[in-house]
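Undergrad: what would the 3D arrangement of this be:
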Amino acid sequence: MGIRWRRRFPDAPKTELREFLTVFVDAFCFDHRRRTCFSPEDRVMDVYRADYPPGSLSDSMELETLGLSLEKRYGIDFTAIWREDITLGELYEHTKRRAA
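TA: Below you'll find the predicted structure:
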């Protein structure tokens, strides 16, 4: 998936992309090696629903953890940008807007 990230964000340093994906996989309690499994087109809710199909009674607060991590690391107000169809690439773009 690294090639997809490089195509979408050709000027982004690899370390920056890795750091962002690490924030994401940490929020979902995935192994760091899994960060290469996600593309910029992946929707956050699709990942969430893969872990918690409809009818699941509880979760591990992954979305809340992601929101807090993005706010802490990048100063992003997750609730202000949240949409059901937001992609990882769009989230990453918000980290760049905040840094600019």
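Undergrad: tell me what the least confident helix or strand in the chain by mean pLDDT is packed against?
TA: Among the helices and strands of the chain, helix 88-99 carries the lowest confidence by mean pLDDT, DSSP states H and E, at a mean of 88. In terms of contacts (3 or more C-beta pairs under 8 Å, 6 or more residues apart in numbering; DSSP states H and E), helix 88-99 is packed against helix 14-27, helix 62-74. (Glycine included, C-beta is placed from N, CA and C.)
Undergrad: mind doing that once more with 7 Å?
TA: If you count contacts as 3 or more C-beta pairs under 7 Å, 6 or more residues apart in numbering; DSSP states H and E, helix 88-99 packs onto helix 14-27.
Undergrad: low-confidence ranges in the chain?
TA: Residues of the chain meeting the criterion pLDDT under 70: 98-100.
Undergrad: about what we covered before: buried ones in the least confident helix or strand of the chain, by neighbour count?
TA: Buried residues in helix 88-99, defined by neighbour count with 16 or more other C-beta atoms under 10 Å: L88, G89, L91, Y92, H94, T95.
Undergrad: I figured the fourth one hits F20, correct?
TA: Yes: the pair formed by Y92 and F20 meets the contact definition of C-beta atoms under 7 Å, at 5.2 Å.
Undergrad: okay, the angle between the least confident helix or strand of the chain and helix 14-27?
TA: With axes from the mean of the first three to the mean of the last three C-alpha atoms, to 10 degrees as the criterion, the two stretches helix 88-99 and helix 14-27 enclose an angle of 120 degrees.
Undergrad: what's the span of stretch 4-22, first residue to last?
TA: End-to-end span of stretch 4-22 (C-alpha to C-alpha, to the nearest Å): 17 Å.
Undergrad: next, the buried residues of it.
TA: For stretch 4-22, a neighbour-count test (16+ other C-beta under 10 Å) marks W5, R8, F9, L17, F20, L21 as buried.
Undergrad: and what of stretch 50-66?
TA: Residues E62, L63, L66 are the ones in stretch 50-66 that count as buried (16+ other C-beta under 10 Å).
Undergrad: any chance of these in JSON lines with distance to D51 as columns?
TA: Output for those, formatted as JSON lines (distance: C-beta to C-beta, whole Å):
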{"residue": "E62", "distance to D51": "7"}
{"residue": "L63", "distance to D51": "11"}
{"residue": "L66", "distance to D51": "12"}
